[in-house]
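# Sharing a model that was predicted from the sequence below.
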Amino acid sequence: MRGERSDAGLGQRRVKPAARVIRSIDRMSAHATTEDLLLFPGDARLRTVVLAWIDGLTRERRMSPNTVEAYGRDLRQFLHHLAGRRGTPTIPMLVALTVRDIRAFMAARRADEVSGRSLMRMLAGLRSFARFLEREGYGTVSALGGVRSPKVPRRLPRPLPVAAAVALTGTDVRAGEEREPWVLARDAAVLALLYGAGLRISEALGLTRRDAPLPGVDQVTVLGKGGKERMVPILPVVAQAIADYLTACPLPLPPEGPLFVGARGGPLSPRIIQYAVARARGALGLPDSATPHALRHSFATHLLARQGELRAIQELLGHASLSTTQLYTQVDAARLMSAYAAAHPRAGR
């Protein structure tokens, strides 16, 4: 990696954070050889620019680690494909790409039974890297402008019935499990935040002990996608669930440490909550679509069904685009048509 670290304009301070992301991507690459796992395919300058791009996604764009890993993995696969057809990839080679080159890569991925949704993400990652090349003065990869993203129907959210959502957030359904009471209280508090406040699981687990919304506190600040903060109102029943967990928790919880901890006192893994929901949905006879994230969908859908304002729900969920929130209107199309008939001035004509 010495060549990358010494290239002009890219100091050691910038490369190190990106290198950690590269190692994470490497671990997820199932088909790469030992030599391939060391670096992206390409000459030294291209590899250095790739590291700078990933560093920008992580620190400047503040994309989630999963998105950064996916974009990096997609670019790596493209560079491997290009290397197999045209030799060692270079920046001038990328700038000179043709539409046929891009389509050949997509065809190869389709032959590997990659879904249209994954192809759409791949193109998004390649376009992100191309924009970085152009912004840094390396040239324009015009071929990407001539390739259309595959049309993929947006999947509708799959919310739970009200009764099922309420049951999932309680401790009664898991009362027979051989789990410590504080663990059951902890899981119930996390799930209460997902359904009662519409948080993503990463947002709930990202709260610190100092942030804990206890009885008497009617809102909490959460850090959402892209590092954006938003204020979320907290229902008394949610605050009480958190208070019950704190009362039962036998582990020390420093103010700046995580609010929700595992059995050994470390940050709670999302996987633990996923397992807890899987066990509970089995007891309740719910489908596999009953996941922690389905509680967030249920929060939005149930609010909308009770005449909640779409813009307000958008703010509560932290959606950047209203079109994302509008998906919930398709889930409750009957309610939407009823609201139209009642409110539109021409509806009765």
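That came through fine.
# Gln219 contacts Arg230, correct?
No: counting by C-beta atoms under 8 Å, Gln219 does not reach Arg230; the two are 10.1 Å apart. Just so you know, the C-beta spots here come from the backbone N, C-alpha and C atoms, and that holds for glycine as well.
# All the strands of the stretch 151-300 of the chain, residue numbers only.
Applying DSSP state E, counting those that start in this stretch to the stretch 151-300 of the chain gives strands spanning 219-223, 229-233.
# In PDB, could you pull the C-alpha coordinates for the last one?
If I follow you right, that is strand 229-233. C-alpha atoms of strand 229-233 as PDB (Å, rounded to 0.1, in the frame of the first residue of the first chain):
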ATOM      1  CA  GLU A 229     -30.300  14.500  13.200                       C
ATOM      2  CA  ARG A 230     -34.000  14.700  13.900                       C
ATOM      3  CA  MET A 231     -36.300  15.200  16.800                       C
ATOM      4  CA  VAL A 232     -38.800  12.400  17.500                       C
ATOM      5  CA  PRO A 233     -41.700  12.600  19.900                       C
END
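# what's that strand packed up against?
If contacts are counted by 3 or more C-beta pairs under 8 Å, 6 or more residues apart in numbering; DSSP states H and E, strand 229-233 sits against strand 219-223, helix 310-317.
# Repeat the analysis, applying 7 Å as the threshold.
For strand 229-233, the elements it packs on are strand 219-223, judged by 3 or more C-beta pairs under 7 Å, 6 or more residues apart in numbering; DSSP states H and E.
# Alpha carbons only: can I get the strand it packs on in CSV?
Taking C-alpha atoms only, strand 219-223 is exported to CSV below (Å, rounded to 0.1, in the frame of the first residue of the first chain):
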residue,chain,number,x,y,z
GLN,A,219,-38.9,13.7,22.7
VAL,A,220,-35.5,12.4,21.7
THR,A,221,-32.8,13.4,19.2
VAL,A,222,-31.7,10.5,16.9
LEU,A,223,-28.9,10.3,14.3
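# Show me what counts as buried in that strand.
220, 222-223 (16 or more other C-beta atoms under 10 Å).
# How about stretch 143-163?
143-144, 147, 157-160.
# how much space between His312 and Thr221?
Residue 312: Ala, not His. 17 Å (C-beta to C-beta, to the nearest Å).
# ok, now which ones touch the residue lying closest to Pro215 once chain neighbours are set aside?
Spatial nearest neighbour of Pro215, chain neighbours left out: Ala239 (4.7 Å); criterion: C-beta to C-beta, 6 or more residues apart in numbering. Counting by C-beta atoms under 7 Å, 6 or more residues apart in numbering, Ala239 makes contact with 213-215, 217.
# related to what we said a few turns ago, the strands of the stretch 151-300 of the chain: which one's closest to Ala276?
Closest of the strands of the stretch 151-300 of the chain to Ala276 is strand 219-223, at 20.7 Å (criterion: C-beta to C-beta).
# which other helices and strands contact that closest one?
strand 229-233.
# Next, the angle from the strand it packs on to strand 219-223.
150 degrees (axes from the mean of the first three to the mean of the last three C-alpha atoms, to 10 degrees).
# before we move on, back to that, what's the closest of the contacts of Ala239 to Pro92?
Looking across the contacts of Ala239 and measuring by C-beta to C-beta, the closest to Pro92 is Pro213, at 54.6 Å.
# Report how many residues lie close to that closest one.
22 (other C-beta atoms under 10 Å).
# For it, which residues are in contact?
220, 234, 239, 242.
# want to try JSON lines for the strands of the stretch 151-300 of the chain, with distance to Ile201 and mean pLDDT as columns?
Formatted as JSON lines, the strands of the stretch 151-300 of the chain follow (distance: least, C-beta to C-beta, whole Å; pLDDT from 0 to 100):
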{"stretch": "strand 219-223", "distance to Ile201": "11", "mean pLDDT": "88"}
{"stretch": "strand 229-233", "distance to Ile201": "14", "mean pLDDT": "87"}
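# Indicate which one of those is closest to Thr247.
strand 219-223 (18.6 Å).
# circling back to that earlier point, kindly reformat the buried residues of strand 219-223 as JSON lines containing distance to Arg117.
JSON lines is the format used below for the buried residues of strand 219-223 (distance: C-beta to C-beta, whole Å):
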{"residue": "Val220", "distance to Arg117": "33"}
{"residue": "Val222", "distance to Arg117": "27"}
{"residue": "Leu223", "distance to Arg117": "27"}
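# Nearest residue to Glu203 in space, please, no chain neighbours.
Val222 (4.4 Å).
# Ok, Glu136 next?
Closest residue to Glu136 apart from its sequence neighbours, by C-beta to C-beta, 6+ apart: Val49 at 7.1 Å.
# That neighbour: neighbouring residues, count only.
Other residues close to Val49 by other C-beta under 10 Å number 23.
# repeat for the one 3 residues further on
The local packing of Ala52 (other C-beta under 10 Å) involves 19 other residues.
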